[in-house]
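K.L.:
Give me a 3D structure for the following:
(2 chains)
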Amino acid sequence: MHYARGATVTERQKLLATVYGLSAVILLVSIAFALR
Amino acid sequence: MQAEPEKRPPVNIGRARKQIVPAILTGPALIVLYLGILVLPVVAAWLQGLPPRNWRDDLSSGLALCAFSGIMMEFLLSGRFRFISNHLGIDATMRVHQLMARTLTLALLIHPFLYTMGMPAYPMPWDTTRQASVDFGLATVLTGIPAWIALIALVLFGIFREQRSGNYEAWRASHGIAAAVVAGFGTLHVLEAGRYSADPFLAGFWIAMLIIALMALAWVYLLKPLWQVRHPYSVHSVRRIAERTWELVVTPRQGEAIPFAAGQFVWLNVGSSPFSLNENPFSIASSASERGRLEFVIKEVGDFTGSLGTLRPGSVAYVDGPFGNMTLAGREGAGIALYAGGVGIAPILSILRDLRDRGDERPMLLFYGNRVAEQIVYGEELDEMTRQLDLTVEHFLSEPPTGWEGRTGMIDEAAITEALQDPESDEWLYVICGPLPMIEKVEGTLLGRGVPASRILSERFYYD
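P.N.:
Numbers count the residues shown, from 1 in each chain, chains lettered A, B, ... in the order given. Model (predicted):
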């Protein structure tokens, strides 16, 4: 049994960049809110 | 190079593709939507105009607001909703679910420790906007602590599951229950304790998110099984085809099997109630043009797969799908190179059978790695395909028997490079399915040869 998924290397690289970007947005928005 | 392949009508890749990508919401649009919902609570809190507090207190609130919004969206990123997973790709959907869960959990776990204000056991009546105190009353604790503990449990269960591949059903049950606890108690917590969530708009937002989360759970655990009751399949045959490897064929009791694109997978439940959790993801191995049956190649790894030999023809089965993006649909390639390790041959078989049935004339290459010869499945059919398609098949065995005429060892860099002498090989499509070390080896070699990353498609059994 396995998770059968599929993505190209490029798609995975974009995905990682997206997730890091989203995590950074959470932090930056929270900091901006804290320093308002 | 070989005899003219048998011509058949084009298979339903177009139909399946149309079904899985109706294209109202594109991947980027979904990400923008996700981002908007993620930051909406903080923006709404900002617009309330309440006086700022110490930066650490408002950082805590900001992190909690963003992170809890993200947690609620995790329910839609479970991979079971095709309107999302088939646009982002199920690989991307599940990976966003897993990786964002870590960020969101971290933010929620540290948020109570960031507060600098006093935490009186009862709200101070003069501090109506909670400017000077954090509510630490019984209701706050009794709602926040279970959600907090359930979050930790979710992470620990996830790590435990990555380390031990078995016991899938127990993991799935615990994951659903813990997620429901996080959503339910978390919503009560933000409504009870939140300074900014006391605002009617934000309170309404959280209740709407809770309803969506619970509907997502209800869809997966209740409504989808109800639909499956009306669309059952039967076990047509089950036979051992190699060492610890079984072929399972199911047929719909009424009508045709689900349309799919070769390389996709379904969630399969055999012999249990559709409301049970005995459901596992398996790649379809049959051709997409076969509308009357679905064939699977399954390796015994414990739980359900260990009981395949006890299944009897006629047993009821339920199918949820198709899911997955390791398909050739929508991807161009002057040729196709396929790399399969062990049971990773299942989706590769589907792709090859589909190419055969469509009479595809492009050059193809299959590298198929196993430990011993007894693990090779459909060897004769693959051999036959070399005459039906412009296909070269190379078998690799890490423990070859005496007199073995195929390749020995693992699928390695030298073999991969040697096989790709076609001057157009940079224009080929490369499809890899198997154990992680094999995937990384093949991907690394191809990237090293200058193959564009966008042409290397892989399917990973597990991450991390």
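
K.L.:
Okay, the spatially most central residue of chain A and chain B: tell me how far apart.
P.N.:
Centroid-nearest residue in chain A, with Cα atoms, centre = their mean: A:Val19, separated by 0.6 Å. For A:Val19, the distance to chain B equals 4 Å [Cβ to the nearest Cβ, to the nearest Å]. Any C-beta I mention is one placed from the backbone N, CA and C, and that applies to glycine too.

K.L.:
That residue and B:His97 touch, don't they?
P.N.:
No - using Cβ atoms under 8 Å, A:Val19 makes no contact with B:His97, being 10.1 Å away.

K.L.:
re the thing from before, helix or strand: which one has the residue nearest to the centre of chain A?
P.N.:
helix A:9-34 (DSSP states H and E).

K.L.:
residues touching the residue nearest to the centre of chain A, list them.
P.N.:
Taking Cβ atoms under 8 Å, 6 or more residues apart in numbering or on different chains, we find A:Val19 in contact with B:95-96, B:99-100, B:103.

K.L.:
Same list (those residues) but as a markdown table, adding distance to chain A.
P.N.:
Converted to a markdown table, those look like this (distance: Cβ to the nearest Cβ, whole Å):
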| residue | distance to chain A |
| --- | --- |
| B:Arg95 | 6 |
| B:Val96 | 6 |
| B:Leu99 | 4 |
| B:Met100 | 6 |
| B:Thr103 | 4 |
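
K.L.:
of those, closest to B:Gly379?
P.N.:
Distance to B:Gly379, by Cβ to Cβ, is smallest for B:Arg95 among the contacts of A:Val19, at 34.3 Å.

K.L.:
For the closest one, give me the pLDDT.
P.N.:
At B:Arg95, the model reports a pLDDT of 79.

K.L.:
Please apply the same query to the one 4 residues further on.
P.N.:
At B:Leu99, the model reports a pLDDT of 87.

K.L.:
Doesn't it lie inside a helix?
P.N.:
Yes - checked against DSSP: H, G, I helix; E, B strand; the rest coil, B:Leu99 lies within a helix.

K.L.:
count of neighbours near B:Pro423?
P.N.:
If you count neighbours by other Cβ atoms under 10 Å in any protein chain shown, B:Pro423 ends up with 8.

K.L.:
separation between the closest residue to chain A within the stretch 1-150 of chain B and B:Tyr368?
P.N.:
With Cβ to the nearest Cβ as the measure, B:Gly62 is the residue of the stretch 1-150 of chain B nearest to chain A, at 3.2 Å. With distances taken as Cβ to Cβ, to the nearest Å, B:Gly62 is found 52 Å from B:Tyr368.

K.L.:
roughly how far apart are the residue of chain B found nearest chain A and B:Ala101?
P.N.:
Closest approach between chain B and chain A, counting by Cβ to the nearest Cβ: B:Met326, at 2.5 Å. According to Cβ to Cβ, B:Met326 and B:Ala101 sit 23 Å apart.

K.L.:
Equivalent analysis for B:Leu222, please.
P.N.:
23 Å.

K.L.:
And the two? Which one has more around it.
P.N.:
Neighbours around B:Leu222 and B:Ala101, counted as other Cβ under 10 Å, are more numerous at B:Ala101. The numbers are 19 against 12.

K.L.:
tally of neighbours for the residue nearest to the more buried one when sequence neighbours are not counted?
P.N.:
Closest residue in space to B:Ala101, ignoring its immediate chain neighbours: B:Glu74 at 6.0 Å, by Cβ to Cβ, 6 or more residues apart in numbering or on different chains. When neighbours are defined as other Cβ under 10 Å, B:Glu74 has 21 of them.

K.L.:
you'd agree B:Glu74 is up against B:Thr103?
P.N.:
No - judged on Cβ under 8 Å, B:Glu74 makes no contact with B:Thr103 at a distance of 11.1 Å.

K.L.:
Wait, a strand at B:Ala45?
P.N.:
No - in this structure, B:Ala45 is helix, not part of a strand, as judged by three-state DSSP.

K.L.:
In three-state terms, how would B:Ser174 be classified?
P.N.:
Per three-state DSSP, B:Ser174 ends up helix.

K.L.:
My read is that it contacts B:Ala153, right?
P.N.:
Yes - look at B:Ser174 against B:Ala153 with Cβ under 8 Å: they come within range, at 7.3 Å.

K.L.:
ok, back up a step: wait, doesn't the residue of chain B closest to chain A sit right on B:Leu429?
P.N.:
No - using Cβ under 8 Å, B:Met326 is not in contact with B:Leu429; the gap is 11.1 Å.

K.L.:
shared neighbours of those two, anything?
P.N.:
Common neighbours of B:Met326 and B:Leu429 (Cβ under 8 Å, 6+ apart) are B:Leu457.

K.L.:
Name the residue in these two with the higher neighbour count.
P.N.:
A count of neighbours by other Cβ under 10 Å puts B:Met326 above the other of B:Met326 and B:Leu429, at 30 against 21.

K.L.:
The more buried one belongs to a strand?
P.N.:
No - using three-state DSSP, the assignment for B:Met326 is coil, not a strand.

K.L.:
distance of B:Met385 from B:Asp354?
P.N.:
11 Å.

K.L.:
all strands of the stretch 201-350 of chain B, in order?
P.N.:
Ranges of strands in the stretch 201-350 of chain B, per DSSP state E, counting those that start in this stretch, are B:233-242, B:245-252, B:265-270, B:280-283, B:294-299, B:316-323, B:336-341.

K.L.:
Same list (those strands) but as TSV, adding distance to chain A, mean neighbour count and mean pLDDT.
P.N.:
Output for the strands of the stretch 201-350 of chain B, formatted as TSV (distance: least, Cβ to the nearest Cβ, whole Å; neighbours: other Cβ atoms under 10 Å in any protein chain shown; pLDDT from 0 to 100):
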stretch	distance to chain A	mean neighbour count	mean pLDDT
strand B:233-242	15	16	94
strand B:245-252	12	20	95
strand B:265-270	4	24	90
strand B:280-283	4	25	87
strand B:294-299	7	23	94
strand B:316-323	8	23	90
strand B:336-341	12	26	95
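
K.L.:
where does the stretch 51-200 of chain B have low pLDDT?
P.N.:
For the stretch 51-200 of chain B, the stretches with pLDDT under 70 are B:86-87, B:89, B:91, B:117-136, B:159, B:162-168.

K.L.:
Neighbour count: B:Gly62 and B:Tyr368, which is higher?
P.N.:
Here B:Gly62 and B:Tyr368 are set side by side on neighbour count (other Cβ under 10 Å), and the busier one is B:Gly62, at 31 against 28.
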